[in-house]
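Chemist: kindly generate the corresponding structure for this input.
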Amino acid sequence: MALAVLALALAAGLTGALPFAGQSDGDALVESVRDRYESAETYTAEVTVNATDGTATETRNLSVAHAAPNSSRLTLEDEGGDVVYGTNGTVAWVYDEANDTARVYPLNGSASNATDHPARNGTAWNSTDAGNDTHPANLSTYLEENVSATVVGSETVRGAGTTVVRLEPENESREGTTTLWVDDDDRVHRLRTTRGENVTTVEFRDQHFNASIHESTFRPPTDAAVTVAVTERYDSFDAAQAGTDVELRSLDGDYEFVEAATVTRGGATVTTQQYTETGTNATVALAATADSLPYDAENGTSVTVDGADATYVERDEGGAVFWTEDGLTRGVAADVSREELVELAEDVRS
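Modeler: Numbers count the residues shown, from 1 in each chain. Just a heads-up that it's a prediction; the model follows:
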């Protein structure tokens, strides 16, 4: 459905999911918007996302497309080369224009679209990162929750008259508000989420519903260098261990196993596990391989893990620590400080 692609655009643009529900005067309008997007056989749009935390601002331009029942494509535009994520229901894939390479993941009936597949994240290392609240796979959680929907005014957006609707979660654990700018055809022209100083504004342009889209749109580029990746997923540590010859390590204490995946690509096999910390839901990924992890040691910082040499590499808001042990490369990745990562790595190594 088009709503899934809309959510995918929002997630790629660093914003939260879309909470369509409510019991106020804005209910009828919000329900009409949801029906408009969910019922579309095809949907395309150009999207601009602007996110600020009060001190820094980031802007991303995206193109999205969807065709029922399960074909989707998202292009993340970048001056250095676009990155394209897609699926046709049979395979999920990610294309890197800068390197003219495509990684293809057979779905084997285990996933309906790219949003719940490693291709959505780009590498085997962070293939378990989909558990955070901004990932579109969690959109249904927001759809099921109640919000207070209130019409607060009207405004012209790029020449279109819109009704402005404010959505406030009735669940006290959910912070912030979402505001929609909706035209008479139930199209969202603008969406803004506000959580304290964190404000994300999403502008939708050139939206088309039920237009013809050629099926080749949802296939990886034929001229690119293609690497096929095979993924196996596991819902328990024992199942993951049984599925690989590599001896896996677990993260105990306050951490709970969520899932694991073994990805084989280009002759290299990496097994990752995802754990969450009790009480905080902070995510930690463990990786193990007889090959190598996708980090360049030359760009890292030398650290010591339980008396052994290791390397710390900064990534996003956190980082990764990896080391070689008995012919295997092991790593820990999380959005925490270097010191906390080293402590986690020591727990895994000991």
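
Chemist: show me the contacts for Asp206.
Modeler: Asp206 makes contact with Thr44, Ala45, Glu46, according to C-beta atoms under 8 Å, 6 or more residues apart in numbering. Heads up, the C-betas are built off the backbone N, CA and C, glycines and all.

Chemist: which helix or strand contains it?
Modeler: Here Asp206 sits within strand 198-209, counting by DSSP states H and E.

Chemist: neighbouring strands - and their directions - for the helix or strand that that strand is followed by?
Modeler: Counting by DSSP H and E, the next helix or strand C-terminal to strand 198-209 is strand 225-234. Sheet pairing for strand 225-234, assigned by DSSP bridges, gives strand 101-106 (parallel), strand 255-265 (antiparallel).

Chemist: for the ones you listed, which one ends up most surrounded?
Modeler: Comparing these by mean neighbour count (mean count of other C-beta atoms under 10 Å), strand 101-106 ranks first with a mean of 21.

Chemist: quick check: mean pLDDT across that strand?
Modeler: Averaging pLDDT along strand 101-106 yields 81.

Chemist: now find how far off-centre that strand is within its chain.
Modeler: How far strand 101-106 lies from its chain's middle: 17 Å, per C-alpha atoms, centre = their mean, to the nearest Å.

Chemist: output that strand as PDB - backbone C-alpha positions only.
Modeler: The C-alpha trace of strand 101-106 is given here as PDB (Å, rounded to 0.1, in the frame of the first residue of the first chain):
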ATOM      1  CA  THR A 101      27.000  -1.900  -7.700                       C
ATOM      2  CA  ALA A 102      23.800  -3.600  -6.600                       C
ATOM      3  CA  ARG A 103      23.400  -6.100  -3.700                       C
ATOM      4  CA  VAL A 104      20.400  -8.400  -4.200                       C
ATOM      5  CA  TYR A 105      18.800 -10.400  -1.400                       C
ATOM      6  CA  PRO A 106      16.400 -13.300  -2.400                       C
END
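
Chemist: now do the helix or strand where Tyr43 lies: which elements does it pack against?
Modeler: Assigned by DSSP H and E, Tyr43 falls within strand 42-52. Here strand 42-52 touches helix 2-12, strand 57-67, strand 198-209, going by 3 or more C-beta pairs under 8 Å, 6 or more residues apart in numbering; DSSP states H and E.

Chemist: among the ones you listed, which gets the worst mean confidence?
Modeler: Across those, helix 2-12 gives the lowest mean pLDDT, at a mean of 49.

Chemist: ok now the helix or strand following that one, how far from the chain's centre?
Modeler: Later in the chain than helix 2-12, the nearest helix or strand by DSSP H and E is helix 27-38. Distance of helix 27-38 from the chain centroid (C-alpha atoms, centre = their mean) equals 24 Å.

Chemist: same check on stretch 225-240?
Modeler: On the basis of C-alpha atoms, centre = their mean, stretch 225-240 sits 18 Å off its chain's mean C-alpha point.

Chemist: buried residues of it, list them for me.
Modeler: Within stretch 225-240, the residues that qualify as buried are Ala229, Thr231, Glu232, Arg233, Tyr234, Phe237, Ala240, counting by 16 or more other C-beta atoms under 10 Å.

Chemist: those residues: which two are farthest apart?
Modeler: Spanning the widest gap among the buried residues of stretch 225-240 are Ala229 and Phe237, at 22.5 Å by C-beta to C-beta.

Chemist: ok so, going back, most neighbours of all the contacts of Asp206, which one?
Modeler: Ala45 (22 neighbours; other C-beta atoms under 10 Å).

Chemist: how about that residue, nearest residue that isn't a chain neighbour?
Modeler: Counting by C-beta to C-beta, 6 or more residues apart in numbering, the nearest residue to Ala45 once its immediate chain neighbours are dropped is Gln207, at 4.4 Å.

Chemist: show me the contacts for the one you found.
Modeler: Tyr43, Thr44, Ala45, Arg187.

Chemist: may I have stretch 184-193 exported as PDB, CA atoms only?
Modeler: What follows is stretch 184-193, C-alpha atoms only, in PDB (Å, rounded to 0.1, in the frame of the first residue of the first chain):
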ATOM      1  CA  ASP A 184      -9.500  18.600  -0.400                       C
ATOM      2  CA  ASP A 185      -8.300  15.400  -2.200                       C
ATOM      3  CA  ASP A 186      -7.000  13.900   1.000                       C
ATOM      4  CA  ARG A 187      -3.400  14.300   0.000                       C
ATOM      5  CA  VAL A 188      -0.800  15.200   2.600                       C
ATOM      6  CA  HIS A 189       1.300  18.100   1.400                       C
ATOM      7  CA  ARG A 190       3.300  18.600   4.600                       C
ATOM      8  CA  LEU A 191       3.900  16.700   7.700                       C
ATOM      9  CA  ARG A 192       5.700  18.000  10.800                       C
ATOM     10  CA  THR A 193       6.700  16.100  14.000                       C
END
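
Chemist: chain center to stretch 51-59: distance?
Modeler: 19 Å.

Chemist: flag every buried residue along it.
Modeler: Ala51.

Chemist: returning to that earlier point: run me through the strand neighbours of the strand holding Tyr43, direction for each.
Modeler: Going by DSSP bridges, the partners of strand 42-52 are strand 57-67 (antiparallel), strand 198-209 (antiparallel).
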